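Chemist: the sequence and its predicted three-dimensional model are supplied below.
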Amino acid sequence: MRTFVSILTFLIGFVLSLLTLFTVLGLGIHRQGASWAIASTATLLVFGPALVITGLKKWRQTFIFGLSSSIWSLFIFVSLPVYFPNERNEAFITGMSMVGVHIPQDTLPREPNIATVPKPKAKEEPTVVLAPAPPLQDHQIALPYEGEGRRLTVELAMQQGDQLIEMDMMLDTGATYTTLPRLVLATLGIHPSEDDPSITLQTANGERTAKLVLIDKLWLGDLAIHGVVVAVCDACASATTTGLLGLNVTGGYNLNIDADRREVVFSTRASFNRHLDVKPFVDISASVSRFYGGRVEVDTTIENHASRTISFADVSIECDDKEWVVSFTQIEPDGRKESQRALPVHDPCDSYQISLKRGFWEDPAP
C-alpha cells in the first residue's frame with residue numbers, strides 16, 4: 001500500500017511539475033529571453049527545490065519528491081499572476097504548443113485580479129499638442145516603436161499554419177535576413193534540418209553559420225507578407241527583442257520614422273523584389289555555346305527547392321559590361337524549368353556570371 005501511495009504521489013508531482021515547466025517556458029518566450037537562459041532557468045526553478053529536498057531525505061525518496069514537487073509547482077503556478085499579471089494563461093498555451101498540444105484561450109479559467117499598490121501621483125508635465133497625423137494611404141501602414149537611436153523595435157507577428165506568435169523585433173537596416181531563435185521557431189512548429197540552405201551571419205560575437213527556413217506569413221499590422229525567409233540565430237535575440245527585422249522584409253518599403261508620435265510608417269515601394277527570399281531556395285545553371293559565324297546560344301536551368309511556387313523569376317547573364325535576362329514563370333515546388341535562347345552577337349568573354357535578378361512567390365488564393 002505504501003509503495004502504491006509513493007508511486008501515485010510521484011506521478012502527480014511529476015505531471016504538475018511538467019505543466020508548470022511549460023508555463024514558465026512560455027512566459028520566457030513572451031519575454032523574448034535567450035533560448036538557453038529560458039530552458040535552464042525554468043528547469044532549475046521548477047525541479048531544483050524538489051531535488052534538493054529529496055537528496056536531504058534519503059528515506060522514501062519517491063514519496064518525498066512527489067510531495068515536494070507537487071507543493072512547489074502549485075506554489076509557482078498560483079504565484080505567477082502576482083508578478084506577471086494577465087500573462088499566465090497565454091504563457092501556458094504557448095508552452096503546451098511546444099509539445100503539440102493546442103489549447104483554446106476560452107477554455108481556461110480567468111486569472112485572478114491581483115490588487116496593486118497605487119503609484120504616487122506624478123508631477124504634471126506640460127502638455128504638447130501635436131497636429132493631426134496625415135491620413136494613411138492604401139499602400140501605407142503605421143506601427144508604434146520603442147527605443148531610441150539605432151535600437152528601434154516594432155511589434156509584429158509570425159504565422160506558420162494555424163500557429164501565430166506576436167513578438168518585438170529590432171529594425172536592423174544592416175541585416176540582410178530576418179532572424180529568429182530556434183526556440184521560437186520550434187513553437188511555430190518549424191525545426192531546421194540539414195537540407196535547409198545556410199548563410200554566414202555577421203553577429204556581435206563574430207561570424208556564425210545559420211540555417212534558413214521559410215515562414216508562411218509575417219504580419220505588419222494587418223498587412224501579410226507571404227513566404228518570408230528567416231535565419232536561425234539564437235545570438236540575435238536579446239532581453240527585449242526576439243530577433244532582427246531584416247532587409248528581406250523592410251527592403252520592400254520606404255520607412256518614415258515619426259519621432260513625435262513614436263511610430264514607423266511603412267510605405268510600399270513601386271516594386272517589391274522578393275529575390276532575397278527566393279534566392280536561397282533555387283539552383284541556377286547555364287551553359288553558353290558559340291557557333292561558327294558568331295552566333296551564341298545560352299541554355300539556362302532553374303530548380304525550385306522551396307515548398308512554395310515561384311510565380312516569376314528573372315535570371316541575369318552578365319559578360320563584361322553586357323547583361324541579358326532570361327525569364328521563367330510558374331516553377332512549382334521541387335520543379336525545374338529550362339530555357340534556350342540566342343544572345344546578340346558580342347565579343348567573346350572569359351566567363352559569364354549568372355544570378356537571380358528578380359523573384360516572386362505566387363500568392364496563395366484568399
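Modeler: Structure's in. What do you need? Numbers count the residues shown, from 1 in each chain.
Chemist: double-check that residue 109 belongs to a helix.
Modeler: No. Applying DSSP: H, G, I helix; E, B strand; the rest coil, one finds residue 109 to be coil, outside a helix.
Chemist: what's around it, how many residues?
Modeler: 6 (other Cβ atoms under 10 Å). Bear in mind the C-beta positions are built from the backbone N, C-alpha and C, glycine included.
Chemist: now do the same for it: its pLDDT.
Modeler: Residue 109 is assigned 71 on the pLDDT scale.
Chemist: residue 89 versus that one, what's the distance?
Modeler: 8 Å (Cβ to Cβ, to the nearest Å).
Chemist: swap in residue 355?
Modeler: Counting by Cβ to Cβ - residue 355 and residue 89 are separated by 49 Å.
Chemist: so residue 19 is in which element?
Modeler: Per DSSP states H and E, residue 19 falls inside helix 2-30.
Chemist: how about that helix: buried residues?
Modeler: 6, 9-10, 13-14, 16-30 (16 or more other Cβ atoms under 10 Å).
Chemist: again, but for stretch 224-237
Modeler: Those would be 225-237, for stretch 224-237 by 16+ other Cβ under 10 Å.
Chemist: can you check stretch 148-164 too?
Modeler: Quick answer for stretch 148-164 (16+ other Cβ under 10 Å): 152, 153, 154, 156, 158, 159, 160.
Chemist: kindly reformat the residues you listed as CSV containing pLDDT and secondary structure.
Modeler: As requested, the buried residues of stretch 148-164 are exported to CSV (pLDDT from 0 to 100; DSSP: H, G, I helix; E, B strand; the rest coil):
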residue, pLDDT, secondary structure
152, 90, coil
153, 92, strand
154, 94, strand
156, 94, strand
158, 95, strand
159, 95, strand
160, 95, strand
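Chemist: wait, which of those residues is closest to residue 244?
Modeler: The closest of these to residue 244 turns out to be residue 153 (Cβ to Cβ; 10.1 Å).
Chemist: the closest one reaches residue 243, doesn't it?
Modeler: No. With contact defined as Cβ atoms under 8 Å, residue 153 does not count as touching residue 243 (10.4 Å).
Chemist: overlap in contacts, those two.
Modeler: 169, 170 (Cβ atoms under 8 Å, 6 or more residues apart in numbering).
Chemist: tell me which element the residue of the chain most remote from its centre is part of?
Modeler: Residue farthest from the centre of the chain, counting by Cα atoms, centre = their mean, is residue 293 at 54.5 Å. Of the helices and strands defined by DSSP H and E, none includes residue 293.
Chemist: with residue 157 instead?
Modeler: strand 153-160.
Chemist: what of residue 77?
Modeler: helix 61-83.
Chemist: how far off helix 2-30 does that helix point, in degrees?
Modeler: 30 degrees (axes from the mean of the first three to the mean of the last three Cα atoms, to 10 degrees).
Chemist: for helix 61-83, give the mean pLDDT please.
Modeler: 74.
Chemist: and it, what does it pack onto?
Modeler: If contacts are counted by 3 or more Cβ pairs under 8 Å, 6 or more residues apart in numbering; DSSP states H and E, helix 61-83 sits against helix 2-30, helix 35-56, helix 88-97.
Chemist: nearest to residue 299, out of the ones you listed?
Modeler: Using Cβ to Cβ, the helices and strands packed on helix 61-83 put helix 35-56 closest to residue 299, at 45.9 Å.
Chemist: tilt between that closest one and helix 61-83?
Modeler: Using the same axes, to 10 degrees: helix 35-56 against helix 61-83 is 140 degrees.
Chemist: show me what helix 35-56 is packed up against.
Modeler: On a contact count with 3+ Cβ pairs under 8 Å, 6+ apart, helix 35-56 meets helix 2-30, helix 61-83, helix 182-187.
Chemist: among those helices, which is nearest residue 262?
Modeler: helix 2-30 (22.1 Å).
Chemist: just after the lengthiest strand in the chain, pick out the following helix or strand.
Modeler: Looking across the chain with DSSP state E, the single longest strand is strand 206-220. Next along the chain after strand 206-220, taking DSSP H and E as the criterion, comes strand 223-232.
Chemist: listing partners with orientation, what would you give for that following strand?
Modeler: Strand 223-232 pairs in its sheet with strand 178-180 (parallel), strand 206-220 (antiparallel), by DSSP bridges.
Chemist: could you dump the longest strand of the chain to CSV, C-alpha only?
Modeler: The C-alpha atoms that make up strand 206-220 are tabulated as CSV, following Å, rounded to 0.1, in the frame of the first residue of the first chain:
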residue,chain,number,x,y,z
GLY,A,206,31.7,37.1,-34.9
GLU,A,207,30.7,35.1,-37.9
ARG,A,208,28.1,32.3,-37.5
THR,A,209,26.7,29.8,-39.9
ALA,A,210,22.9,29.9,-39.8
LYS,A,211,20.2,27.8,-41.4
LEU,A,212,17.5,29.5,-43.5
VAL,A,213,13.8,28.4,-43.1
LEU,A,214,10.7,29.6,-44.9
ILE,A,215,7.8,31.1,-42.8
ASP,A,216,4.3,31.1,-44.2
LYS,A,217,3.4,34.7,-43.2
LEU,A,218,4.8,37.8,-41.5
TRP,A,219,2.2,40.3,-40.3
LEU,A,220,2.9,44.0,-40.2
